[in-house]
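Visitor: Dropping a prediction and its sequence here:
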Amino acid sequence: MQELFEKNDKGLYLANTNDLYQSRFLPLLQHAETSIKKLIVRYLWQNKSLYDLRTVIDMYIKDFSKNRLPMDIENRDSYINGLYAMANKVYKEQRKARNDFAVILGLLVGAFMMSGKKMPKINTPEELSKFIVEHKKEIASIKYDMWTQAKASVRVLDYPKKIQEYIEKASKIPTTAIEPGKKPISVWQKAELDIRHQKQMQMVEDARNSGNDLYYISSHPDCSKRCEKWQGKLVSVSRHATESGFRVEKVDGQWVYSLTDIMAQKDKYGYNNNIISGFNCRHYLIKYEKGKLPPKEYSAADVRKMRDINNKIKEYEREIRRLNTEQQMYREVGDKKKYFELDKEIKRKTKELKEFCNKNGFAFEKYRIE
């Protein structure tokens with residue numbers, strides 16, 4: 001019986017498409033995302049020129065594309081475009097954070113001036129945050145009617161938390177693969193889909209080269225709606241339809257359908273998202289033998305269980321990657337407390353992931369969280 005999920009050389013299930021192609025460049029993309037976010041938070045923290053920041057980001061992505069990202073990646077530009085799109089979103093959030101800095105600094109300067117207190121010149125969010133932390137009691141004790149009525153002191157004292165909110169929000173902005181006419185999806189998802197698609201297409205190509213034209217499409221419960229109408233059907237791997245409904249001819253009383261024409265259909269997002277060629281499709285071809293029907297190999301419960309495990313593993317991986325990025329951003333602003341809090345959280349989540357994988361017979365793929 002063919003496995004619903006692939007296994008590695010140790011006999012453990014692979015929740016993801018474990019391919020050298022993927023393991024080689026996905027960590028590079030994650031590193032690029034983190035590096036860009038660190039650049040943006042550094043320029044915010046030090047109040048550096050926004051124009052210079054744009055220039056530095058552009059230079060970084062161009063250098064990454066030229067010297068680090070493998071040239072043989074399918075739809076390579078979609079990943080580069082995704083990095084630019086992610087950088088733009090983080091950049092826009094940074095503009096809001098810069099506005100917060102200007103407002104809070106203005107409130108603080110005004111309050112100190114009206115109360116007759118002296119205040120050092122502050123030029124950066126780093127200096128402002130440090131001053132607020134070190135002079136918290138003094139700021140809270142300022143007696144100034146407009147200050148108290150507008151609760152401006154609370155806004156000022158909460159400024160260090162605003163920086164944390166910005167970093168957390170920015171860390172959650174994903175890098176998506178951008179392709180014209182197609183719905184953006186995460187670079188991780190795209191890589192998995194591309195690799196799965198390559199393997200499925202290789203299976204079809206091998207079938208065509210085998211000299212056999214007729215194959216059954218495997219079937220299992222709980223398959224996607226896009227696959228449901230085609231699973232279990234008898235298909236030709238080389239011929240086009242001669243009648244409506246993708247039909248080619250009848251063999252032994254059952255219709256033969258054109259697999260080529262079925263797979264060529266596009267969904268509303270522009271993808272060839274159908275059986276065999278669809279997103280992470282795990283259906284496979286079974287050589288036709290006269291008088292034999294394709295086996296139904298999995299129960300609905302088995303399929304649901306495996307998919308739930310797979311989804312949980314990916315959920316763990318996404319969160320650990322995000323926490324790693326957030327941790328590095330806190331490193332840029334010198335927040336040791338948050339850095340080490342996140343360090344503990346990352347280790348705890350990683351331990352949970354390993355235990356979950358071991359418990360369910362799945363491989364722990366370290367490259368996906370580094």
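Guide: Looks like it arrived, so ask away.
Visitor: okay, CA-based contacts and neighbour counts for the rest of this
Guide: OK.
Visitor: Which residue ranges make up the domains of this protein?
Guide: For the chain, automatic domain parsing gives the domain ranges 203-287, 301-368.
Visitor: so what's the residue located most distally from the centre of the chain up against?
Guide: Ranked by distance from the centre of the chain (C-alpha atoms, centre = their mean), the top residue is Gly116, with 51.9 Å. Shown in contact with Gly116 (C-alpha atoms under 8 Å, 6 or more residues apart in numbering): no residues.
Visitor: rewinding a little: dump the domains of the chain to a markdown table, plus distance to Ile139, mean neighbour count and mean pLDDT.
Guide: Shown next, in a markdown table, are the domains of the chain (distance: least, C-alpha to C-alpha, whole Å; neighbours: other C-alpha atoms under 10 Å; pLDDT from 0 to 100):
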| stretch | distance to Ile139 | mean neighbour count | mean pLDDT |
| --- | --- | --- | --- |
| domain 203-287 | 54 | 17 | 88 |
| domain 301-368 | 21 | 17 | 93 |
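Visitor: Out of those, which is closest to Glu138?
Guide: domain 301-368 (22.3 Å; C-alpha to C-alpha).
Visitor: Quick one: end-to-end length of that closest one, please.
Guide: Using C-alpha to C-alpha, to the nearest Å, the end-to-end distance of domain 301-368 comes to 28 Å.
Visitor: now the helices for the chain?
Guide: For the chain, helices defined by DSSP state H occupy the ranges 20-45, 50-67, 76-115, 125-134, 136-140, 145-149, 152-157, 159-171, 187-209, 225-228, 259-263, 300-332, 336-360.
Visitor: circling back to that earlier point, for the domains of the chain, which one sits closest to Ala32?
Guide: domain 301-368 (10.4 Å).
Visitor: what's the spacing between Glu289 and Asp252?
Guide: 11 Å.
Visitor: phi, psi of the residue lying closest to Lys182 once chain neighbours are set aside?
Guide: Computed as C-alpha to C-alpha, 6 or more residues apart in numbering, the closest residue to Lys182 that is not its neighbour in sequence is Tyr269, at 4.8 Å. Per-residue torsions, Tyr269: phi -100, psi 0 (degrees, to the nearest 10).
Visitor: Quick check, Tyr269 in contact with Lys183.
Guide: Yes - the criterion here is C-alpha atoms under 8 Å, and Tyr269 meets it with Lys183 at 5.5 Å.
Visitor: Next one: Glu168, what pLDDT does it get?
Guide: Confidence at Glu168, expressed as pLDDT, is 94.
Visitor: and it, how many residues sit next to it?
Guide: 18 (other C-alpha atoms under 10 Å).
Visitor: Check whether it really touches Thr325, as I assumed.
Guide: No - using C-alpha under 8 Å as the test, Glu168 is too far from Thr325 to be in contact (9.4 Å).
Visitor: Lys287 reaches Ser210, doesn't it?
Guide: No - under the criterion of C-alpha under 8 Å, Lys287 is not in contact with Ser210, lying 10.2 Å apart.
Visitor: what sits in contact with each of those two?
Guide: Joint contacts of Lys287 and Ser210 (C-alpha under 8 Å, 6+ apart) do not exist.
Visitor: sorry, back to before: now the domains of the chain in a markdown table, with distance to Ala32?
Guide: Converted to a markdown table, the domains of the chain look like this (distance: least, C-alpha to C-alpha, whole Å):
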| stretch | distance to Ala32 |
| --- | --- |
| domain 203-287 | 25 |
| domain 301-368 | 10 |
